Every structure is written in C-alpha cells, then in structure tokens.
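1. here are the coordinates; sequence isn't available:
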C-alpha cells in the first residue's frame, strides 16, 4: 500500500472515517474510528484520557456463484498520557497488511476444505442434487414404524396396539390431573 504523505492517516478519509483503496485491481475498505460511545471527541470524564482509535481494513474477493472470501485486519492505537491519539499513517498500512495475511489464511483454509470434499462420483439424490459427503439419504417415511404407528388409530386399527407420543407442559401447581 502506498502512503499519501499529504494525508494525516496516509489516505483520504471521509467524514465518517472511511476510505476505499484500489490497488492492483483489488479494493480494500478502511475504517478509522475511536472507541468511545460519545459523539464528541474529548477526554473521558472519569479517567481524563482520550479513547483508543481502531484502524480496520477489509479485503474481499468475489468468485463464481456469488462466493465472497474476506480478510480483515485491525490495529488499535492507544493514547499517550492525557493526549489524544495522533494520526499514524503506518497504522493503516499495518491494518491492510493484516487483512491480506488473514485473506491468505482464509483462502488456504477454503482450499483445504474443498480438497477434503469429494462428491460420490456423480451420484444424485431424487431431486437431482448431489448429496453432501458424510450424510445419508433421508429414511423413507412410509416404512418408518414411528410415523406409521400414530396413523393406525385414524385408519380404524385397534387403539390398544397404536403408539402415540404426546408432550404437555403444565403450569398448574395444584396437581389436578384433569388440568394436564
């Protein structure tokens, strides 16, 4: 990243502390913000010190099918004594470097994940999709004894052989079985 020596933070920042860098065909979003909860920049009324300043950078790359891979970096600049934080152009450069390092680590993890995922040689489910590795097809609900047992009473079968599962929660404390 090239630092602009005419700018206090090394790049042109808008009123909200945001900047966008475009270098080598890639876009990096940078944000410079203090960590206070107040809209007024001033020393804390209790400690008498100014808030630290965070410099964050996010590098993204969009791939096929709408996939997005991101890398983020954050540098925190602490105030010295009771003085406010002074702009540090190197902080933006370090945050961008951290975002690129994080992006490279995320890309390597994604490549490793893709290498472990091996489709079943083109085997497809009934809906035309390839199943995820390590998953089994859904059991046929018509042959599942738990799902057919609850419907046997409705079909006129003997009620003593049917199985029914019921869950109820009682908020009454008097123990009246008619209330449950």
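-> All right, it came through fine. Remember, predicted model here, so these are calculated numbers, not experimental data.

2. got a list of contacts for stretch 75-87?
-> 8-9, 34-35, 41, 43, 48-56, 88, 91-92, 94-95, 98 (C-beta atoms under 8 Å, 6 or more residues apart in numbering). To be clear about C-beta, it is placed using only N, CA and C from the backbone, and glycine gets the same treatment.

3. Take the residues you listed and keep only those in strands.
-> Secondary structure defined by DSSP state E assigns 34, 53, 54, 55, 56 of these to strands.

4. How about the contacts made by the last one?
-> Pointing back at residue 56 there. 30, 31, 33, 72, 73, 74, 75, 95.

5. How many neighbouring residues does the closest residue to the third one other than its chain neighbours have?
-> Right, the one you point to is residue 33. In space, and not counting its chain neighbours, residue 33 is closest to residue 17: 4.8 Å by C-beta to C-beta, 6 or more residues apart in numbering. When counting by other C-beta atoms under 10 Å, one arrives at 16 neighbours for residue 17.

6. And residue 17, how close does it get to residue 51?
-> From residue 17 over to residue 51 the distance is 13 Å, taken as C-beta to C-beta, to the nearest Å.

7. Strands along the chain, start to end?
-> Taking DSSP E as the criterion, the chain carries its strands at 18-23, 26-34, 53-62, 68-77.

8. What pairs with the shortest one, parallel or antiparallel?
-> It stands for strand 18-23. With DSSP bridges as the test, strand 18-23 is paired with strand 26-34 (antiparallel).

9. okay, the angle between the partner strand and strand 53-62?
-> Orientation of strand 26-34 against strand 53-62 (axes from the mean of the first three to the mean of the last three C-alpha atoms, to 10 degrees) gives an angle of 160 degrees.

10. Which parts of strand 26-34 count as buried, going by neighbours?
-> For strand 26-34, burial by neighbour count (16 or more other C-beta atoms under 10 Å) applies to 28, 30, 31, 32, 34.

11. Need the contact partners of it.
-> By C-beta under 8 Å, 6+ apart, the surrounding residues in contact with strand 26-34 are 1, 9, 11, 13, 17-22, 41, 50-61, 85, 92, 95-96, 99.
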